[in-house]
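*Asks:* What follows is a predicted protein model with its sequence.
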Amino acid sequence: MLGFLFFCPFLCCVPMLQISCSENTTVLQLSVPEDHRLCLWCGGSDTSDVVWTHQDRTVLVTRQKNYETNQDRTRFQLKPDASLCLLRLDDADAGTFRCNDRLVTELEVLTGQDFRVSAGRTLLLPCRRSDKPKQRWFQRREGGKREPILTRFKNATVKPERHDPRLSYQHDALQILQLQPGDAGEYLCNGELEATVVVLTQSLSVPTAPPAVTGAVTVEKTKTDKTPETVSVLVLVAVVSSAGLLLIGGVTCIVLSSLKCRRKKKHRPTGGRRRGDAELQLWTSSSTAQGERHVEAINSGGRSLRRRGRRVGCSAPAERDPPLRLTGPTQLEGASGQNRAGSAAAQCDLLVCAY
């Protein structure tokens, strides 16, 4: 028992036994490229009753004694040791996986060839561009040369070429535990570029030097002092702009009003005169025409009476009145109306006597 307790911390450094030592071990955070095959170990001793869930909701596979259920046999496989194998990773597989309500793995699915992975995670890089059973892995940092990492032979034996316990070959891929900034760079398998890795780190450092803090405070004060000036300038510009707009609007209104008044004064009298002249001309012309018709009727009547008097033997008037002539709308020049009426009556009497 004491020997087991002594060697257990050492065994926990081995990836496949990382979760088996204790149920309180830190959850394995995996970053794996898409289309890769990945198996997750449940870690419990009882393999007869198993329930695998994804994202705390979806039940993927279950086993109760000899009865098994599988949501999609083309994607998931439950092994005899209760391990869950994801046959081909895709974006939908990202998230947390639990075995019998115990959190086992938090999975990140990588796409493309340029990977941005947070520091501290476990990265798997499969050799996808070479079909050779023998794999030799290299790392090339920015501006540096290729550095060998390890070699996997045909018989599945692995020869490390760098003294780093974080580097191994697991899950049919190059495995890097506890990713660090020094792991960034290009990774090649059999001379073919497999991935370019960028390690993301969180900046947790806090400046402690007093000058830096003083400078920060000074900058903030300067910005605070400039803020009211900027606001006052903006307010002044807004006020001047508003006053200019009001002035332009007032001048425009005055000019338009004056033009409108001038047009009204110019057109109103002219229209009145033209209308009065038209009415006067119409009245004068109608009155003149009517008077001319009356005068012509009177003159023609007198001539016809004289002709009839001659026929019946009546004597014509001794003095012949001159014909009437129209001099105005309501005045007749010549014999008055009464004389004309008397002469016409005398001529009519003569005609009656003759008949």
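*Replies:* In hand now; what should we look at? Numbers count the residues shown, from 1 in each chain.
*Asks:* Buried residues, stretch 47-59. List them.
*Replies:* Across stretch 47-59, burial judged by 16 or more other CB atoms under 10 Å covers 50-54. C-beta here means a position set from N, CA and C on the backbone, and glycine is covered the same way.
*Asks:* cool, and stretch 79-90?
*Replies:* Quick answer for stretch 79-90 (16+ other CB under 10 Å): 82-84, 86, 89.
*Asks:* Rounded mean pLDDT for that stretch, please.
*Replies:* Averaged across stretch 79-90, pLDDT comes to 94.
*Asks:* mind checking the end-to-end distance for that stretch?
*Replies:* Start-to-end span of stretch 79-90 (CA to CA, to the nearest Å) is 21 Å.
*Asks:* So what pairs up with Val61 in the strands?
*Replies:* Beta bridges link Val61 to Trp52, Asn70, judged by DSSP bridges.
*Asks:* what stretches of the stretch 151-300 of the chain score poorly on pLDDT?
*Replies:* Where the stretch 151-300 of the chain drops to pLDDT under 70, the residues are 203-229, 231, 264-295, 297-300.
*Asks:* redo that, cut-off 80
*Replies:* Scanning the stretch 151-300 of the chain for pLDDT under 80 picks out 202-233, 235, 260-300.
*Asks:* now the strands for it?
*Replies:* Using DSSP state E, counting those that start in this stretch, the strands found in the stretch 151-300 of the chain span residues 158-160, 167-170, 173-176, 185-189, 192-200.
*Asks:* So which of these has the densest surroundings on average?
*Replies:* strand 173-176 (a mean of 22; mean count of other CB atoms under 10 Å).
*Asks:* Within the sheet, what are the partner strands of that strand, with directions?
*Replies:* Each strand paired with strand 173-176, and its direction, by DSSP bridges: strand 122-125 (antiparallel), strand 167-170 (antiparallel).
*Asks:* Return the last one as PDB; C-alpha atoms alone will do.
*Replies:* Read it as strand 167-170. Extracted in PDB, the C-alpha atoms of strand 167-170 (Å, rounded to 0.1, in the frame of the first residue of the first chain):
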ATOM      1  CA  LEU A 167       6.100  15.500 -25.100                       C
ATOM      2  CA  SER A 168       4.900  12.000 -25.900                       C
ATOM      3  CA  TYR A 169       2.900  10.000 -28.500                       C
ATOM      4  CA  GLN A 170      -0.600   9.200 -27.400                       C
END
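*Asks:* How about the contacts made by Leu110?
*Replies:* Neighbouring residues of Leu110 by CB atoms under 8 Å, 6 or more residues apart in numbering: 31-34, 117.
*Asks:* Relative to Ile149, which of the strands of the stretch 151-300 of the chain is closest?
*Replies:* strand 167-170 (5.7 Å; CB to CB).
*Asks:* So which of the contacts of Leu110 wins on neighbours?
*Replies:* Using other CB atoms under 10 Å as the neighbour test, the contacts of Leu110 are led by Val32, with 24 neighbours.
*Asks:* didn't that residue look like it was pressed against Leu124?
*Replies:* Yes. With contacts counted by CB atoms under 8 Å, Val32 reaches Leu124, the gap being 4.6 Å.
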